[in-house]
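Novice: Quick one, what's the 3D model for this:
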Amino acid sequence: MQSSAPEHQPAESDFYRVNRGGGLYSEAVSQRLGAKLALFGYRKKLAPTTLTIFNLGISAVVSALVIVTAAPVAAGQVPGVVIGLIALAGWQLAYAFDCADGQLARVTGQTSSDGARVDILCDVAGQIALVGALSAVAVAQEPETPAWLIALFAGGWMVNLITSVLATGPQAASMLKSNTLPIRILKLIRDYGAIIAVAAAVLTVAPIAMVWFIGIFTLTNGAFLLTSIAFSARNALRAHDLPRS
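Specialist: From the prediction side, this is the model:
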């Protein structure tokens, strides 16, 4: 791990400047909150991986709360709006810590392959917990929710994480390269910060509609996955210049 210290005391703007994007919502909300948390971590001399663990811990605790209260909320024994607001705040805070760890590592020169690996593994664990929470709510509200829909939803959710990893490095590519506002608004359906905000809003306002959120999300991610496969395969075939007989 590199240990070079910055020549000056970094400000919040320095941390935000090195953010890795994530979409219109994430850049406007999650990455900015992440910069504040990264500055806090810097002042408290925290390692970037400590912020990564905070991300996983908060996400796991909040998701566990949603799972445990799914049936009581459906039965009217626990106010859904309270659980929804806790989930909204908790999941957003967890994602902000996920944004902050990378910012802190890049600004302070603490990037490492081990840190990046822990970050990805914690993201996977946290998102598994979140998917479990949303699925528990859907089943509690609509017991007839088919198992195959939950399975497709869980698999489709991971498409977000996989494509975010594939979007970095020399092999990164985008089907829609324009950065115009209409395109960025369209890409909100792929923005993790926006997705978890909408999921928590559904949980707060109308948890009975969670099965519809899961269905729409599954269809959207399925369409995106198939389109991405076609796009990447077309480019690969074009680049593969086979000799013709």
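Novice: got the contact list for stretch 148-163?
Specialist: Outside stretch 148-163, the residues that touch it by C-beta atoms under 8 Å, 6 or more residues apart in numbering are 123-124, 127, 131, 134-135, 138-139, 190, 192, 195, 211, 214-215, 217-218, 221-222, 224-225, 228. For the C-beta atoms, the positions are set from N, CA and C on the backbone; glycine is no exception.
Novice: just the CA coordinates of the helix or strand of the chain with the lowest mean pLDDT, formatted as PDB?
Specialist: Least confident helix or strand, the chain: helix 181-186 with a mean of 78, by mean pLDDT, DSSP states H and E. Only the C-alpha atoms of helix 181-186 are listed here, as PDB (Å, rounded to 0.1, in the frame of the first residue of the first chain):
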ATOM      1  CA  LEU A 181     -28.900  16.300 -19.700                       C
ATOM      2  CA  PRO A 182     -31.600  14.100 -21.400                       C
ATOM      3  CA  ILE A 183     -29.200  11.200 -21.700                       C
ATOM      4  CA  ARG A 184     -28.100  11.600 -18.100                       C
ATOM      5  CA  ILE A 185     -31.700  11.700 -16.900                       C
ATOM      6  CA  LEU A 186     -32.300   8.500 -18.900                       C
END
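Novice: Give me the buried subset of the contacts of stretch 148-163.
Specialist: 123, 127, 131, 134-135, 138-139, 190, 192, 195, 211, 214, 217-218, 221, 224, 228 (16 or more other C-beta atoms under 10 Å).
Novice: Buried residues of stretch 77-96, list them for me.
Specialist: Using 16+ other C-beta under 10 Å as the burial criterion, the residues of stretch 77-96 that qualify are 80, 83-84, 86-88, 90-96.
Novice: give me the number of residues near the residue lying closest to residue 10 once chain neighbours are set aside?
Specialist: In this structure, residue 10 finds its nearest non-sequential neighbour in residue 107, 5.2 Å apart by C-beta to C-beta, 6 or more residues apart in numbering. By other C-beta atoms under 10 Å, 22 other residues sit near residue 107.
Novice: show me what contacts residue 107?
Specialist: Contacts for residue 107 (C-beta under 8 Å, 6+ apart) come out as 6, 10, 14, 15, 18, 38, 42.
Novice: okay, the residues you listed in TSV with pLDDT and distance to residue 156 next?
Specialist: Formatted as TSV, the contacts of residue 107 follow (pLDDT from 0 to 100; distance: C-beta to C-beta, whole Å):
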residue	pLDDT	distance to residue 156
6	49	40
10	94	38
14	95	36
15	96	32
18	95	30
38	98	31
42	97	37
